[in-house]
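> could you look at this predicted model? Sequence included:
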Amino acid sequence: MKDQKLNKARLGAFVLIATLILVLGLYYIGSQKNIFHRTIGVMADFSDIGGLMPGNNVRFNGINVGTVSKVYPISDALIRVEFTVDENTVQFIGQDATVSIGTDGLLGNKLVNISPGTTNSSRIKDGDILTSLNPVEMEDALRTLNMTNENILEITKHLRHVMEEFDQSNSLWAILNDSTLSEDVKSAVVSFKLTSENSAILTGDIASITGNLRRGQGTVGALLTDTLIFDQLSQTIVNIQAVSDTLAIMSGDFRNLTNDIRNGKGAVGTLISDTTFVHHLNQSMVNIDSASHNFNENMIALKSSWPFKKYFKRKK
Amino acid sequence: MNKSLFKTFLHETGEISYFTARFFREGFRPRYEFAELFNQCFAIGNKTLGLVGITGFIMGLVITIQSHPSMQAFGAESWLPAVVSVSLVREIVPVITALICAGKIGSSIGAELGSMKVTEQIDAMEVSGTNPFKYLVVTRVFASMLMIPLLVIIADAVGLWGAYIGVNMKTEVSFDLYTNQIFQKLTFGDVIPSIIKSFFFGFAIGIIGCYKGYYTRNGTQGVGRAANSAVVAATFVVFIIDLIAAQIADIIDIT
């Protein structure tokens, strides 16, 4: 009888443990599928759902928030997908949220991805139809990838050719190995830096000069900006022109005069061109000289003569 | 010869059907033999628990170790817990548990009832006013129907624990991650059909064991034959039920 009781207790323990395991297991499975959370039902329309099935996960920014509940066609081109979303997540999903169909990993199950909308739009509610983005077709993606690969192949071919050319070029290696060259380059850079600094100063000066010019400071500035000076200057030029005109007339007259002189016209012409006149003139000068000599002697004689002797004595 | 074999098969099927009908007729009518039911539950449940537990553990461990190389070849090592858990829960654990029980329980029921039959204890019961069918058959079949699903649940848990150890022998997966991975992958559609299936396994094992024992002929030789054919027939029927269950699950799209 005691044994019987013990056996019953053991049996009870066995049954309880097994039932507990079942209940816990089912609970965990259910909680993973969001069965025990309060959910709302929303939907989205796609042209191609790529094998999405009821029970597939719904993810919001990568976390599971619900499951697909129904998939059915609503027209010849549209498939409606109904899915649940955990009520705790609803506050983060705006009505302008977009829904797309993705894959868990490269070969995994299909799933629905929800991207949150803008924060200022109103929150989704039960029965809403969300905007959908149609899935990227693997085939299209692979086709593009194939083209990219071909391009990369071509590019690497060229690159290889270029590298081989580089490798074969002795002068390039010589340049690369030349240590003095780097020093030269360094000093050139230093010089260049200095030059550029100087040119910077210079351009600064030029800038200040042009600034001064613009403001009319300095002689050139005044020249460039003062309109009065310009008027005066033009007047001066007019005057100079008049002077030069007069000079031209004068030079014409002078030429006529010299022509006359050369031809022996007039007194001066005669003086220059007539040789007999010059001889007469010379003779006249000799005569004048002797006459003046004689006059000088007369004058000395006059000094010692009476009326004038007294005057000269007083003067001494 | 063949004709007589076919005739025997048909006769046997008819007899089992009649026996099953009698079970339902007697089983759901008072008076209920609860004390004997508890005894049988204890004999079937608790006494098989160790065997089933060890088998489940080994199956979990072995399936994981065996699956690892091919999963690794696909680069899907991280899917190992999910894949192993689904195959364990859906198929391997229920069937292995049913086979163990067919061997242990089927043979013991067949031998027990057979020896009672040949020593005319069953006849004595009838004379003394006790309904031997109610007392012997109904209790055993119910006990096996109730206990085998529970054994399957325990074996599932132990098998998944074995798989956890198996996964950690090859890679390193924390217990939290492992449970997340398996419960993420498992669905009600994996667990519930396998539990329902094991009810039928239990029923088949119980009813065949009892039938073979209840109709034992030819003395002590017949007892051995009854025990043997109970195991063979129960094992065979377990696979037939498994096939039918898989077909039904496929048709009503439980995945």
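Thanks, I have it.

> when you work out contacts or count neighbours from here on, use the C-alpha atoms and nothing else.
OK.

> contact residues of chain A facing chain B?
Where chain A comes near chain B, counting by Cα under 8 Å from any Cα of the partner chain, the residues are A:4, A:7-8, A:10-11, A:14-15, A:17-19, A:21-22, A:25-26, A:28-30, A:32-33.

> which among those end up buried?
Burial by neighbour count, judged by 16 or more other Cα atoms under 10 Å in any protein chain shown, picks out A:7-8, A:11, A:14-15, A:18-19, A:21-22, A:25-26, A:28-30, A:32-33 from the residues of chain A next to chain B.

> what's downstream of the helix or strand where A:Glu139 lies, the next helix or strand?
Using DSSP states H and E, A:Glu139 sits in helix A:138-168. Per DSSP H and E, helix A:138-168 leads on to helix A:170-177 as the next helix or strand towards the C-terminus.

> return the distance of that next one from the chain's centre.
34 Å (Cα atoms, centre = their mean, to the nearest Å).

> between it and helix A:138-168, how big is the angle?
Angle between the axes of helix A:170-177 and helix A:138-168 is 90 degrees (criterion: axes from the mean of the first three to the mean of the last three Cα atoms, to 10 degrees).

> quick one: least confident of the buried ones among the residues of chain A next to chain B?
Least confident of those in the model: A:Lys33, at 73.

> how close does it get to B:Glu15?
47 Å (Cα to Cα, to the nearest Å).

> do A:Ser182 as well
A:Ser182 is 106 Å from B:Glu15, by Cα to Cα.

> again, but for B:Asp176
52 Å.

> please apply the same query to B:Phe188.
37 Å.

> same check on A:Gly51?
Applying Cα to Cα, the value for A:Gly51 to B:Glu15 is 49 Å.

> more neighbours: the two, which one.
Between A:Gly51 and B:Glu15, counting by other Cα atoms under 10 Å in any protein chain shown, B:Glu15 is the more crowded of the two (14 against 11).

> which strand or helix spans that one?
Using DSSP H and E, B:Glu15 sits in helix B:2-27.

> packing partners for that helix?
When contacts are defined as 3 or more Cα pairs under 8 Å, 6 or more residues apart in numbering or on different chains; DSSP states H and E, helix B:2-27 packs onto helix B:188-214.

> and after the helix it packs on, which helix or strand comes next?
That would be, after helix B:188-214 and using DSSP H and E, helix B:219-251.

> show me what that next one is packed against.
Partner elements for helix B:219-251 (3+ Cα pairs under 8 Å, 6+ apart): helix B:93-101, helix B:107-118, helix B:188-214.

> can I get these in a markdown table including distance to B:Asn168?
Formatted as a markdown table, the helices and strands packed on helix B:219-251 follow (distance: least, Cα to Cα, whole Å):
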| stretch | distance to B:Asn168 |
| --- | --- |
| helix B:93-101 | 20 |
| helix B:107-118 | 38 |
| helix B:188-214 | 24 |
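
> could you dump those into CSV with mean neighbour count, mean pLDDT and distance to A:Ile261 added?
Output for the helices and strands packed on helix B:219-251, formatted as CSV (neighbours: other Cα atoms under 10 Å in any protein chain shown; pLDDT from 0 to 100; distance: least, Cα to Cα, whole Å):
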stretch, mean neighbour count, mean pLDDT, distance to A:Ile261
helix B:93-101, 25, 95, 151
helix B:107-118, 25, 93, 171
helix B:188-214, 24, 93, 144
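
> quick one: name the residues of chain B near chain A.
Taking Cα under 8 Å from any Cα, the part of chain B that reaches chain A is made up of B:38-39, B:41-42, B:45-46, B:150-151, B:153-154, B:157, B:183-184, B:186-188, B:191.

> can we see that at 6 Å?
Selection of chain B residues close to chain A by Cα under 6 Å from any Cα of the partner chain yields B:42, B:150, B:153-154, B:183-184.

> tell me where the model's unsure across the chain.
The chain I'm using is chain A. Applying pLDDT under 70 to chain A flags the ranges A:1, A:107, A:135-137, A:223-224.

> um, chain B though
B:1, B:254-255.

> farthest residue from the center of it?
Here the centre of chain B is the reference, and by Cα atoms, centre = their mean the most remote residue is B:Gly75, at 36.0 Å.

> so that one: helix, strand or coil?
Assigned with DSSP: H, G, I helix; E, B strand; the rest coil, B:Gly75 falls in the coil class.

> show the buried residues in the residues of chain B next to chain A.
Using 16+ other Cα under 10 Å as the threshold, B:42, B:150, B:153-154, B:183-184 are the buried ones among the residues of chain B next to chain A.

> so which of those residues are in strands?
Among these, none falls in strands (DSSP state E).

> re the thing from before, mind checking how far the residue farthest from the centre of chain B is from B:Pro69?
Using Cα to Cα, B:Gly75 is found at 10 Å from B:Pro69.

> repeat for B:Ile240
For B:Ile240, the distance to B:Pro69 - Cα to Cα - is 31 Å.

> surely B:Asp190 is in contact with B:Arg90?
Yes - the pair B:Asp190 and B:Arg90 qualifies as a contact (Cα atoms under 6 Å) at a distance of 5.5 Å.

> could you find the closest non-adjacent residue to B:Ala143?
Closest residue to B:Ala143 apart from its sequence neighbours, by Cα to Cα, 6 or more residues apart in numbering or on different chains: B:Cys41 at 4.7 Å.

> burial measure for the one you found, as a count.
27.

> same check, this time on B:Val89
Neighbours of B:Val89 under the rule other Cα under 10 Å: 26.

> next, it: secondary structure please.
Quick answer, by three-state DSSP: B:Val89 is helix.

> tell me how far it lies from B:Ile154.
In terms of Cα to Cα, B:Val89 sits 11 Å off from B:Ile154.

> likewise for A:Asp205?
From A:Asp205 to B:Ile154 the distance is 95 Å (Cα to Cα).
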